[in-house]
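**Student:** Quick one, what's the 3D model for this:
(4 chains, ligands or ions: 4)
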Amino acid sequence: MTASGLAGDTHPSRPALLSVRGVSKRFPGVQALSGIDLDLGTGEVLALLGENGAGKSTLLKILSGAQAADVGTILLNGVPYVPAQPHEAQANGVVTIYQEFTLIPTLSVAENIMIGREPGRAGFVHWGATFGVAREALSRLGLSINPRRLVRDLSVADQQMVEIARALSMEARLIIMDEPTAALSVAEVERLLALVRILKGRGIGIIYVTHRLDEVMTVCDRATVLRDGRLVGSADIATTSIDHLIRMMVGRDLGAMAPVEGGSARPGVPALRVSRLCTRNTADPHATTVTDITLSVQPGEILGIAGLVGAGRTELARAIFGADSITGGQIFVEGREVAIRSPADAIALGIGLVPEDRKQQALFLSLAIRNNMAVTAMGRRRAPFDYVSDAWERGLVREFQKALGIRMASPDQAIGNLSGGNQQKVVLARWLALKPKILIVDEPTRGIDVAAKAEVHGLLGRLAQDGIAVIVISSELPEVIALADRIVTLREGRLTGEVARRKATEESLMRLMTLRTALEPA
Amino acid sequence: TAKDLTILTSVPGLNFPFFVHMLKAMKAEVTAQGATPLEADGQNNAPKQTADVEAGLTKGVDGIVMSPIDVNAMAPALNEIADAGVPVVTIDRRVPTAKNVLAHVGADNVKGGEAQGQWVLDTFPNGATIVNLQGQPGASPAIDRNKGLHNVLDAHKDKYKFAAEQTANFARDQGLSVTEALLSSLPTQPDVIVSANDDMALGAFEALKGRNLQGKVKVIGFDALPDALASIRDGGMAGTVEQFPAEQSKTAVDILMRYIKEKKKPDSDLVLLTPIVLTKQNLSKAERLDEVK
Amino acid sequence: MTSAPITQNPDKQPFDAFGLLARFAPLIFLVILMAVFATLQPRFLSTINLLNVLRQISISGLLAIGMTFVILTAGIDLSVGSLLAFCGIVAAIVAKGGAAGNFAGGGHGAGHGWGLALLAAVAVGILCGLLQGAAITKAKVPPFVVTLGGMSAFRGATLLLANGGPISGFDESFTFWGQGRIGMIPTPVVIFIAFAVLAHLILRYTRFGRQVYAVGGNAEAARLSGLKVPRILLSVYVLMGFFSGLAGFVLAARLNSAEAVAGIGYELTVIASVVIGGTSLFGGIGTIFGTVVGAILIGVLLNGLVLLNVSSYIQQIVIGLIIVLAVAFDTYAKSRRRRA
Amino acid sequence: MTSAPITQNPDKQPFDAFGLLARFAPLIFLVILMAVFATLQPRFLSTINLLNVLRQISISGLLAIGMTFVILTAGIDLSVGSLLAFCGIVAAIVAKGGAAGNFAGGGHGAGHGWGLALLAAVAVGILCGLLQGAAITKAKVPPFVVTLGGMSAFRGATLLLANGGPISGFDESFTFWGQGRIGMIPTPVVIFIAFAVLAHLILRYTRFGRQVYAVGGNAEAARLSGLKVPRILLSVYVLMGFFSGLAGFVLAARLNSAEAVAGIGYELTVIASVVIGGTSLFGGIGTIFGTVVGAILIGVLLNGLVLLNVSSYIQQIVIGLIIVLAVAFDTYAKSRRRRA
Ligand SMILES: Nc1ncnc2c1ncn2[C@@H]1O[C@H](COP(=O)(O)OP(=O)(O)OP(=O)(O)O)[C@@H](O)[C@H]1O
Ligand SMILES: Nc1ncnc2c1ncn2[C@@H]1O[C@H](COP(=O)(O)OP(=O)(O)OP(=O)(O)O)[C@@H](O)[C@H]1O
Ligand SMILES: [Mg+2]
Ligand SMILES: [Mg+2]
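**Tutor:** Ligands and ions are numbered 1, 2, ... in the order given. Sure thing, here's the model as predicted:
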């Protein structure tokens, strides 16, 4: 290894906060961590990097008391630290933002932020103070979410922000962040990173996991890289480059987000056209709705949809897919007007949707990987008695395991045991197996590592070349720019602009996304 | 003006055919006397029967005929009836502590159990091995019938042995399955199966049929349900205990109506019908023989 | 539109008729039902009858309060009927000074006052709740199984303890808790209302109450958020045990008799009250207010149909249909609100 | 280290003793229980007794098969006992040619053969299942409430139809289905095993079966994957209705009598069989094999304790404890495996 620092050394000027020695963890069939050493000083931001399934989340869960290590020792401020449960970690000032949400959907935003430490006396909650503190915690992140709203009515991005707000409002010495920005768009990421700098200034140690390496370069002091559960090495950010980090992670060079050899829109009838589409929010009458959207996608074209959090991109996708009902407008597939009343209708017409909320909307956590992957494709299979064989399912898994680099012990494993990124790949595969004519992907690379991201991008490009119409929704502007042949922007549920690929820059898109006046529909 | 009279007729639970029959008889007599019955099903639950009584009092019934679920638990309800000044006649189970009960008409369950025991003594003078199918644990008829049976047979412990005593919860399917289990486990066949109701007895008899033991092991039930009567007539079950529920009901309603209409108290506040064992020989005494086709 | 989206304007919300409808749907349904009964039978609305209804539901109502906590954590307790009988027998034995001093009118020589009887009933209830809670949190056996086992085991223990028969005839200071009145209100009703208010306050305004909702909403998230999930679950079953003990005592006082067969089938009535009141069996959603309305709805149904002299077979059909209808109305009202 | 991580080596796994233990924990517990009974009472293991056990569980076992589908979708059906009685009465009425032609030994003049009786029972069961399924999927009333309503309503309808009394005395071609034997195996056992195998194949190897798991695992994800969730839910309740009808017919044949009070309390036995067999009440996890083992476990318990002539009070305590123990063993075995 050519890492510029020895694994485990602390910056000399910073007193040691956390020291991990020889931590290992085994799951059935997988050695998730073997002999990990790690050091962190006060006021230091350490990036923990690695491919999907490298063991990052596992290590963090051990630190936060969510799981126990098999062997190894941990010192916190020089004192042995063995949290058996998360509440013990919190009592020690170790606060965690988990990769999978840990919010209570049926409770309000404020309660989620203040849970277990509501202000009050003699066991009674002071509601005024609770809402006050919560609002304060939200506004520090520049958020205006109503603290009385139920969490289940929030978009994924807002839920992520609530998680962050909760963690940042706690008395912490060490904050662990597992992919906090995976569901966020530019503006929120900026705000979060600014806060990280403030916390760092206060002497709080931070472990930061992300697959977005540009963030690492802006806020982190040091990066430690894991591969297959082993420590690969560390590097001082000041003296390293993104390419170097990638090389450590994947063990080879990889071009940074190169434009995909995509799509060439084929002339003729659009694969999908929507005209003056309107929806109403089903869960919350006060939230944004989609108004008067007109757009079309040609076969072989990749259409990007950009917008800020809450702009209505997800709503639009769900409405087209029949997941939510529309209140006005028409949808045409290959020139024919269609009535889509349910996802089943949409699928029958050749439309697929990769939803943004993996856990709630895509995964069957109690079922095996193969069941999860085959759930859509089995609808197309013709066999006597609707026979579905395990062998066929396993074959399907093997086919995509290679294509997407899915890391798993066996197709019969429960999908809940996969790392977040690998779960996302299984969900993608579910739709690819269906060979749709129109594929809508909502945050397709959320939580996916750099190498796999490139693979997914290549894959979407190849789909387009095969004549499939692809719609990409992503909060990462570079991703949209890299992928899309044409980009439309949304703001508050309305179309605000359209840019061809070559003309799009992050700045021009940002301007359209924050534009005040909506364009008249063409 | 009997037309305007309303009589609350309350039974412990219509999930036992015995009480279905009793309620029918009460209603028929009330209607025959020109009054309107207000029927209530206690659903085997003392608070529910209490609630029914309270609802009846609210409605302003003129009299009450009831078969209490539990003699102790229904005492407060009877006191409420007394406070409201409404006449009441109890059937089947007597509430000794209640004030102001106009009369009690009944055929004691303990007496019925004793009749079963006596029948065993008479049928097997040289002694017998007995299987005792008990009713639902804790339910008062189950307790009383069991007590009666033991009252008689425990006096001859040397000759009469209980090979097994098991509950089948008054249910026919459990009577069948418990008997099946016992038949395959007992070292020797029992001579007689004594059952705390006819449903369990009929189930037991099906089990005997399954092993070709019908006739070899005698079965006696309780309640004189039409199914049991038919079985006895056709040489199946050996006997059952008749408590004359319709007779009880008719008498009770009669006493109540006479008091309401003519303010005439009954000669005695206790009318006891003696339960008898019905066998093929005296089947004609069965109250419900006409229901057997 | 250039106005800021409404989301930016927190807290203050416009008057929301559908919201109110959705929130009070079970209550509205109850009022409609009562209006129908009152029209068909004017005596239904008499004070005495309404108090009767309340007294009738007070026992299962007490259990339903405890059950609301349990179901809010996505649990269930099938053992309430058996435990109620068990605690009732214990109270009776203490009051009468032994199971041997059985049956009505027995001498009170060796017996104790109602206070000790109540204490014993509640203590046994809490202990049994603790046992079941431990099996659920330590041995990780699902609540359905643990309490199904408890339902059978407690019933057996009760029968053994009571030796089958009932124990009756308490003195007046004991029966006061079931048969007496405070002012014109029957004592059990007072007890029920007092505990309903208390439980409402606990669930709504204490940290423990909020944690109950959190655990039911998502147990794993609650754990990761630093809540002591096992302790909260345990407390909930202990609380249920407390209410079973209390209800057992009140029932014995009301009937002036403790029976080993008391409370058979109560579990379904009690769970039905909770669920009709809008509490989700999957946890995290529900209120004590809803449970009280649900319990009253069931009481009103039973009472009203008897008053109307509906044949008992048809009563069962009508009760079945109205229960479904009540919840369908609730669901519809809530979906209207969503759509509005 | 340059060796490929274990993750890269899919499919092939080393022999996994804890995995096997976890998978077959309920079965292992059953075998232990049977060994204990066999030691205490050698007759327990006689062929005739074991066939008795199987015959006894065949009725509730048929219901448990249907219930497995229902619970796999995270639903529940409390109405099975009532529906079984309803269908049994219907079968009896058809076989005897009218409810008026009541009671034992009646002339068979107007009656029909067992075929038509079975058809009628199953048709009524399916219809009632359809009704309940529609209330669940269209009116979106939770299954617990709908089937609680159904439990009450069907019981009322049954009592009304049968006018309270039983209908008995069928001819031999009818009773064959409950009392006869095929070879040496009792007919109900043959029916039970046949349907268990069929249901296993459906759940394990057909699209419908997998859809049932998916809907139970995550209904929203299932909808977004294009599954017709309402249709699948409806089918599951229809299936449950079918099994209720079949079980009602077999029970009537077995008892040579259809009673309006049949099947009271069955819902808990049936659900217990399913849950003891490892099926999660929250849906998505479970097998028919487990359910069969669970049903046999309950049957063995009841039978064994009677054989040992244990007093009925103590029986209830023992049954309660063993049910909890069985599931605790299962949970423990599964957690061992996870840790391994
Ligand atoms: N509960 C579990 N049971 C079995 N295997 C598990 C479990 N949790 C994690 N694993 C396995 O451990 C390995 C490491 O997973 P982990 O979640 O730590 O990866 P990660 O580095 O966070 O990946 P990602 O970037 O995709 O989030 C993976 O192979 C995963 O499948
Ligand atoms: N499942 C949902 N339930 C209720 N409200 C929702 C849901 N999803 C989104 N919303 C609300 O609808 C509005 C539009 O959100 P949507 O998710 O469509 O935006 P988006 O552009 O996809 O942004 P992002 O997904 O990044 O949050 C937001 O105000 C959000 O709060
Ligand atoms: Mg991770
Ligand atoms: Mg979105």
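**Student:** In contact with whichever residue of the stretch 51-200 of chain C sits closest to chain A: list those residues for me.
**Tutor:** Closest residue of the stretch 51-200 of chain C to chain A, C-beta to the nearest C-beta: residue C:72 (9.7 Å). In this view, the C-beta of every residue, glycine as well, is placed from N, C-alpha and C. Counting by C-beta atoms under 8 Å, 6 or more residues apart in numbering or on different chains, residue C:72 makes contact with C:203, C:212, C:213, C:216, C:236, C:279, C:283, C:284, C:285, C:286.
**Student:** Any chance of the backbone angles for the closest residue to it other than its chain neighbours?
**Tutor:** Closest residue to residue C:72 apart from its sequence neighbours, by C-beta to C-beta, 6 or more residues apart in numbering or on different chains: residue C:216 at 4.6 Å. Backbone dihedrals for residue C:216, given as degrees, to the nearest 10, come out at phi -70, psi -30.
**Student:** Can you get me a residue count around residue C:216?
**Tutor:** Residue C:216: 29 surrounding residues under other C-beta atoms under 10 Å in any protein chain shown.
**Student:** ok, now which ones touch it?
**Tutor:** A:106, C:71, C:72, C:73, C:74, C:282, C:283, C:284, C:285.
**Student:** can you count the residues close to the first one?
**Tutor:** Going back to what we said before, that points to residue A:106. Residue A:106, neighbours per other C-beta under 10 Å, totals 22.
**Student:** and what of the fourth one?
**Tutor:** By the measure other C-beta under 10 Å, the count of residues near residue C:73 is 26.
**Student:** Correct me if wrong: residue A:493 contacts residue A:315.
**Tutor:** Yes: in this structure, residue A:493 is within contact of residue A:315 by C-beta atoms under 8 Å, at 7.1 Å.
**Student:** quick check, residue A:65 in a strand?
**Tutor:** No: for residue A:65, which was evaluated using DSSP: H, G, I helix; E, B strand; the rest coil, the result is coil, with no strand membership.
**Student:** mind checking the backbone torsions on the residue of the stretch 301-450 of chain A found nearest ligand 3?
**Tutor:** Ligand 3 sits closest to residue A:420 of the stretch 301-450 of chain A, with a gap of 4.5 Å, by C-beta to the ion. Backbone torsions for residue A:420, taken as degrees, to the nearest 10, come to phi -50, psi -50.
**Student:** Need the phi and psi values for the nearest residue to it once chain neighbours are set aside.
**Tutor:** What sits nearest to residue A:420 in space, not counting adjacent residues and going by C-beta to C-beta, 6+ apart, is residue A:447, at 4.4 Å. Dihedral angles of residue A:447 (phi, psi; degrees, to the nearest 10) stand at phi 80, psi 10.
**Student:** Report pLDDT for residue A:447.
**Tutor:** At residue A:447, the model reports a pLDDT of 82.
**Student:** What of the one 10 residues further on?
**Tutor:** The score at residue A:457 is 88. That number is its pLDDT.
**Student:** Equivalent analysis for residue B:18, please.
**Tutor:** Reading off the model, residue B:18 has pLDDT 85.
**Student:** Wait, it touches residue B:227, no?
**Tutor:** No: Residue B:18 is not in contact with residue B:227 according to C-beta under 8 Å; the separation is 11.8 Å.
**Student:** between these two, who's got more neighbours?
**Tutor:** More neighbours surround residue B:227 than the other of residue B:18 and residue B:227, with 34 against 25 (other C-beta under 10 Å).
**Student:** Which of the helices or strands spans the more buried one?
**Tutor:** helix B:226-233 (DSSP states H and E).
**Student:** which residues are contacting that helix?
**Tutor:** Applying C-beta under 8 Å, 6+ apart, the set of residues contacting helix B:226-233 is B:198, B:201-202, B:205, B:221, B:236-240, B:278-280, B:283, B:286, B:288-289, B:291-293, D:102-105, D:165-166, D:168-169, D:257.
**Student:** Three-state assignment for the residue of the stretch 301-450 of chain A found nearest ligand 4, please.
**Tutor:** The stretch 301-450 of chain A approaches ligand 4 most closely through residue A:314 (3.1 Å), counting by C-beta to the ion. Following three-state DSSP, we place residue A:314 in the helix state.
**Student:** List the contacts of it.
**Tutor:** So residue A:314 contacts A:155, A:156, A:356, A:442, A:473 (C-beta under 8 Å, 6+ apart).
**Student:** The second one: what's it in contact with?
**Tutor:** This means residue A:156. Counting by C-beta under 8 Å, 6+ apart, residue A:156 makes contact with A:183, A:314, A:356, A:357, A:443.
**Student:** where does the chain dip in pLDDT?
**Tutor:** Picking chain A for this. A:1-14, A:252-263, A:281-288, A:515-522 (pLDDT under 70).
**Student:** wrong one, chain C
**Tutor:** The model of chain C has pLDDT under 70 over residues C:1-18, C:98-111, C:164, C:337-340.
**Student:** rerun that using 50 as the cut-off
**Tutor:** The model of chain C has pLDDT under 50 over residues C:1-14, C:100-108, C:339-340.
**Student:** What are the buried residues along stretch C:46-56?
**Tutor:** Within stretch C:46-56, the residues scored as buried using 16 or more other C-beta atoms under 10 Å in any protein chain shown are C:49, C:50, C:51, C:52, C:53, C:54, C:55, C:56.
**Student:** Not counting that stretch itself, show me its contacts.
**Tutor:** Stretch C:46-56 is contacted by residues B:47, B:50-51, B:54-55, B:58, C:43, C:184-186, C:188-189, C:192, C:254, C:296, C:299-300, C:302-303, C:307 when judged by C-beta under 8 Å, 6+ apart.
**Student:** Send me that stretch as CSV with only the CA atoms.
**Tutor:** Below are the C-alpha coordinates for stretch C:46-56, written out as CSV (Å, rounded to 0.1, in the frame of the first residue of the first chain):
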residue,chain,number,x,y,z
SER,C,46,-82.7,7.4,30.7
THR,C,47,-79.9,8.3,33.1
ILE,C,48,-80.3,5.0,34.9
ASN,C,49,-79.8,3.0,31.7
LEU,C,50,-76.9,5.1,30.6
LEU,C,51,-75.2,4.6,34.0
ASN,C,52,-76.0,0.9,33.6
VAL,C,53,-74.2,0.8,30.3
LEU,C,54,-71.2,2.5,31.8
ARG,C,55,-71.2,0.1,34.8
GLN,C,56,-71.4,-2.8,32.5
